[in-house]
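In: Predicted structure and sequence below. I'll ask about it afterward.
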Amino acid sequence: MSLDDSLRGFLSRLLGWTNTDAVDQAIRSIELAVGHRAHLVLRGPGDLVPIARALHHRAIGADRPFIVCDPRRRDVPASVRSPANHDSGVAAFEAARGGSLCVRIRRLPRDFSSVRALIRAPDARVQFIICAGHRHADDILLTMPAPIIFPPLETRRSEVPRIVDEYAIDAIKALGAGPECLTADDRAWVVDHQASSLSEIEKATLRLVALRISANTSVAAARLGMAPVSLFRWMERRAMLPT
């Protein structure tokens, strides 16, 4: 399989534009996972499920199912903001056939032993993705193949504005907006107030674009597939949200 330039560019955004060895290793790990020869392990700060979903879109295709199994969440369909979720591991596996099944190692489903047996079957045809924090480095599930380890953004401060710009482009494309909808002040606000992790940057740029192209908060929330009150609370908690 030949992975396209968009995947390499995305991995460079996640790992560092000068960190070519890590990018090459990540591509190898993804090739093994896409070929169903190994599972894909992601380690780093913040919520890694959005990164797993983005990797799935670039390596397998947005038309293939990407399913999360999180027993702490109810069953929900996919939206522009978040992927589909099943609280049952077996149900999630069946929904993920032909695509990817993603779990958080700290929230494995109660029927995970059944899921493991299904994943090992020769006809499984499911890419299995495990998201974990740095403290789970010694877990047996995370030893092979080499995990993709995302460095903290504190070590990449000079690259954060570029990271924000690239996530802004993604958000504009996802919501069908014009490139002018996010101003320089909007992007600077994300850099200054919403850049503790990659997932936080992605969330902030997506929500800002939705707000900028919508008549009100309710319309923006509908575009994102979330409750208006949830978006309003997010806005209330953010310092100096740009106007």
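Out: Structure received.
In: Next, give phi and psi for the most centrally placed residue in the chain.
Out: By CA atoms, centre = their mean, the chain has its centre lying nearest to P50, at 1.4 Å. Main-chain torsions, P50, degrees, to the nearest 10: phi -60, psi -40.
In: Confirm for me that it is in contact with S199.
Out: Yes: assessed by CB atoms under 8 Å, P50 is found in contact with S199 at 5.0 Å. For glycine as for every other residue, the C-beta is placed from the backbone atoms N, C-alpha and C.
In: C181: what's it in contact with?
Out: Neighbouring residues of C181 by CB atoms under 8 Å, 6 or more residues apart in numbering: I172, V209, R212, I213.
In: Relative to T18, how far out is it?
Out: 31 Å (CB to CB, to the nearest Å).
In: Now the spatially closest residue to G46 that is not a sequence neighbour: phi and psi?
Out: Residue nearest to G46 in three dimensions, not counting chain neighbours: S197, with 2.9 Å by CB to CB, 6 or more residues apart in numbering. Backbone geometry at S197, expressed as degrees, to the nearest 10, gives phi -150, psi 160.
In: Need the per-residue pLDDT for S197.
Out: Here the pLDDT value assigned to S197 is 93.
In: Could you count how many residues lie near it?
Out: Per other CB atoms under 10 Å, the neighbour tally for S197 reads 19.
In: Who are the contact partners of it?
Out: By CB under 8 Å, 6+ apart, S197 lies in contact with P45, G46, D47, L153.
In: For the first one, which three-state class applies?
Out: Using DSSP: H, G, I helix; E, B strand; the rest coil, the structure places P45 in coil.
In: For stretch 66-76, give the distance from the opening residue to the closing one.
Out: Terminal residues of stretch 66-76 lie 12 Å apart, using CA to CA, to the nearest Å.
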